[in-house]
Each structure stands twice: as C-alpha cells, then as structure tokens.
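J.: Pasted the sequence and its predicted model underneath.
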Amino acid sequence: MNTPFRFNPLNPHTARDLRDSAFAAERLTPDGFDAYCQKTFRGQCYAHMIPEYMLEGLKDYIFEGTPPGDFLTAVLCNDLMEAVGRADDTNITVIPWYCGILYNYMPMGLRSNKEAIKRWIRICDDAREEEAAEKAMKTKWTFSDAEHSGQHVGVLEFKDSKGELHDFTVIKTQDRIVFGIVCNAGFLESGYLEREEGESLDEALQETLADLESYYNDGPDSVNRIIYNERM
C-alpha cells in the first residue's frame, strides 16, 4: 500500500515527536523491517534480491536518519535516470525490488524528493540531540543525599582494557545501586542502576560492574542499564 503519512511543518511537536509519530503511524520497527524484507515481490524475496549491505543502509536511513548513498538517494527520490546511472552491476538488475519495498513499506514523508530526505535526517539528528539534552538534565551531577538515605555497600574496583584502575563507592537505596566518589564535601554521585523487581543485591552489583567495564572499555553507547552523568 502507498503509505499516507506526511509531515506537517506547522505541527508544534518536537523532533522526537515527529520521528516517533512517523514510526507509530506505520508501525515501523527495526524487527518489522527485517520481517518485511522476507516478503516476496514478483515471486522473489526482497532480502534475496537486494544486497544485504543495501538493506542495512536503507534500515539505517529509516531508523537512524543516516544519510543514504547516491544510488539509494536516487531511488528514494524516484529518479529513475539518476538511479540507473548510479547503480552498480548488482543493483541495476534489482531496481524493481527497491520500488516495491519503498512503495509498500516506507512512508511518503521519508522519501519522494531530496528535501524529504534532508528533513528526515534533520529530524533524526534533532531527536537525538533532544534525547541527549534530556538525559543530561536528568543526570546532572550534584552532591547526593544517597549517603544519608541509603546503605554503604562497599567499593567496586576494576581495571579497564588499558590497565587503568577505576573505583567507585557504592550505596544501596531502596530501588537503586548508586555509585560515585566520597570527598570532603560528601558523596559525589556519578550514576546509578535501577534495581529490577526480585533482583538480588549481588545481581544488581554484577550488572553495575559489567556496565561500568563496558563504559570504559567500549564507550558510553555500550552500556545497558546504568544512568551516568558528565562526571563519568
């Protein structure tokens, strides 16, 4: 079906609202995209006909706003002459399958011309900035009262992959594992992990340690559960 979703530039929503409304209007999810690629068009499966790296590029554009390459841009813009001129030996033979997946799966607000593509990339970029700013506001560090409202557990100490030693004082509250450092002014919170229902203290500490190790070894985007602030 030709999806009806359009962006309304007069709508006063945030970029995150616009991005999420596009997903919600057509029930777009990464798993749903993968499942749709298993459907057939003209008797052949999309995932079989379209190269995997191109499907990943299309998926990254839809869900992350990653700028598409020249060929995919031409396809998204419905520019046949440009698409043929940009296609490699594989893609030149499967352009009909690109047309099928765009027409049947993608909202019009994400395609049709270069302005729509630029707008979608900008929306995704702005949405990420809004999420980062919101997280920063929520996690802006202060001297914490967890030291008085919680129970001192001990110190988590570990070495990262470069051999640098890290240690955090840990305090247990009713629903969190809070970690940070102790200085003359008090307990300076670096972050916390929200405990799940039924999760034991040992399990929560292991999860906290695993995320801290991931943070220092693989970067902030690799953590699963901890909420951290700029002290990290």
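T.: Received it, and whenever you're ready, just let me know what you need. Residues are numbered from 1 along each chain as shown.

J.: which stretches of this protein have low pLDDT?
T.: 1-13, 25-26, 134-149, 184-185, 231-232 (pLDDT under 70).

J.: can you pull out the strands in it?
T.: 40-41, 44-45, 151-159, 165-172, 176-183, 186-194, 227-228 (DSSP state E).

J.: Give the other helices and strands that the fourth one contacts.
T.: So that's strand 165-172. strand 151-159, strand 176-183, strand 186-194, helix 201-218 (3 or more CB pairs under 8 Å, 6 or more residues apart in numbering; DSSP states H and E). Where C-beta positions appear, they are placed from N, C-alpha and C, glycine not excepted.

J.: Now render those as JSON lines, adding mean neighbour count.
T.: Converted to JSON lines, the helices and strands packed on strand 165-172 look like this (neighbours: other CB atoms under 10 Å):
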{"stretch": "strand 151-159", "mean neighbour count": "13"}
{"stretch": "strand 176-183", "mean neighbour count": "19"}
{"stretch": "strand 186-194", "mean neighbour count": "20"}
{"stretch": "helix 201-218", "mean neighbour count": "16"}
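
J.: Quick one: closest of those to Glu230.
T.: Closest of those to Glu230 is strand 186-194, at 9.4 Å (criterion: CB to CB).

J.: If I take the closest one and strand 176-183, what angle do their directions form?
T.: 160 degrees (axes from the mean of the first three to the mean of the last three CA atoms, to 10 degrees).

J.: How far off centre is strand 186-194?
T.: Mean-position distance between strand 186-194 and its chain equals 24 Å (CA atoms, centre = their mean, to the nearest Å).

J.: That one to strand 151-159, inter-axis angle?
T.: 80 degrees.

J.: other SSEs contacting strand 186-194?
T.: helix 146-149, strand 165-172, strand 176-183, helix 201-218, strand 227-228.

J.: so how far is stretch 175-188 from its chain's centroid?
T.: Per CA atoms, centre = their mean, the centroid offset for stretch 175-188 relative to its chain is 29 Å.

J.: That stretch: end-to-end distance?
T.: Stretch 175-188 stretches 19 Å from its first residue to its last (CA to CA, to the nearest Å).

J.: Which positions within the top helix by length along the chain qualify as buried?
T.: For the chain, the helix that runs over the most residues, judged by DSSP state H, is helix 114-139. Residues of helix 114-139 classed as buried: 116-117, 119-121, 123-124, 126-127, 139 (neighbour count, 16 or more other CB atoms under 10 Å).

J.: Show me the domain layout of the protein.
T.: 15-132, 146-228 (automatic domain parsing).

J.: State the distance spanning the first to the last residue of the longest one.
T.: What it means is domain 15-132. First residue to last in domain 15-132 (CA to CA) measures 13 Å.

J.: wait, which of the helices and strands packed on strand 186-194 is closest to Asp79?
T.: helix 201-218 (39.9 Å).

J.: Tell me how far that closest one lies from the chain's centre.
T.: 20 Å.

J.: can you list contacts of that helix?
T.: With CB atoms under 8 Å, 6 or more residues apart in numbering as the test, helix 201-218 has contacts from 153, 156, 158, 160-161, 164, 166, 168, 170, 172, 177, 179, 193, 195-196, 199, 222-226, 228, 232.
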